[in-house]
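> Give the three-dimensional model of this entry:
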Amino acid sequence: MENDGQVNGQRLDLERGSVAWEPCHIGENAQIGANCSIGALVHIGRKVVLGNACRIQGGAYLADGCVLGDRVFLGPNSTLLNDKYPPSGNAQQWQPVQISNDAVIGGGATVIAGCSVGQNAVLGAGSTLTRNVPDNEVWVGNPAVFLMMRNTYDEKQRQLKSDSATN
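Purely as a prediction, here's the structure:
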């Protein structure tokens with residue numbers, strides 16, 4: 001298939017060292033922190049706030065008003081919602097998602113309106129979050145439930161890297 005120029009994946013340099021990859025949507029009055037990376041096919045709604053050094057993978061959807069802290073990672077096709085009883089059509093009823101510093105949201109995960117993810121917390125790939133995740137906890141499943149503490153998760157990740165380096 002020949003590229004007809006409609007989908008070109010060009011890099012867009014944003015302010016303060018941040019980048020986005022076409023095609024993507026960045027809504028009105030969105031605030032993008034320094035050194036962020038926004039993948040192709042990402043939808044960032046109006047009045048969304050991204051802290052510094054956030055990494056938003058392709059296909060992610062951030063509804064209007066969501067707030068991300070610094071160094072947040074959103075996996076591909078993750079979804080942050082804001083309307084608990086859609087379609088309300090009433091922004092006064094919306095409950096935007098809050099993601100704290102250093103949190104990780106796995107690919108394909110969904111965070112329901114009004115939920116928050118604590119600092120250094122992880123929501124596993126494909127999970128659906130229906131309540132708040134405390135700091136330093138890893139949650140998985142549908143609905144998501146506690147799995148382990150973040151330090152255990154990080155140790156498992158280090159072990160995998162170590163095992164693959166020796167093979």
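
> how about V48, what does it touch?
V48 makes contacts with G27, A30, Q31, L62, A63, D64, G65, C66, V67, L68, as judged by C-beta atoms under 8 Å, 6 or more residues apart in numbering. All C-beta atoms are positioned from the backbone trio N, CA, C, and that covers glycine.

> Revised request: answer the last question for H25.
V42, H43, I44.

> Can I get those in a markdown table including secondary structure, neighbour count and distance to V111?
Below are the contacts of H25 laid out as a markdown table (DSSP: H, G, I helix; E, B strand; the rest coil; neighbours: other C-beta atoms under 10 Å; distance: C-beta to C-beta, whole Å):
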| residue | secondary structure | neighbour count | distance to V111 |
| --- | --- | --- | --- |
| V42 | coil | 24 | 15 |
| H43 | strand | 16 | 14 |
| I44 | strand | 26 | 15 |
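
> so which of these comes closest to G106?
Taking C-beta to C-beta as the measure, G106 sits nearest to V42 out of the contacts of H25, at 15.8 Å.

> Please report how far the closest one lies from V49.
Distance, V42 to V49, by C-beta to C-beta, to the nearest Å: 15 Å.

> now swap in Q157 and tell me
Distance from Q157 to V49, by C-beta to C-beta: 28 Å.
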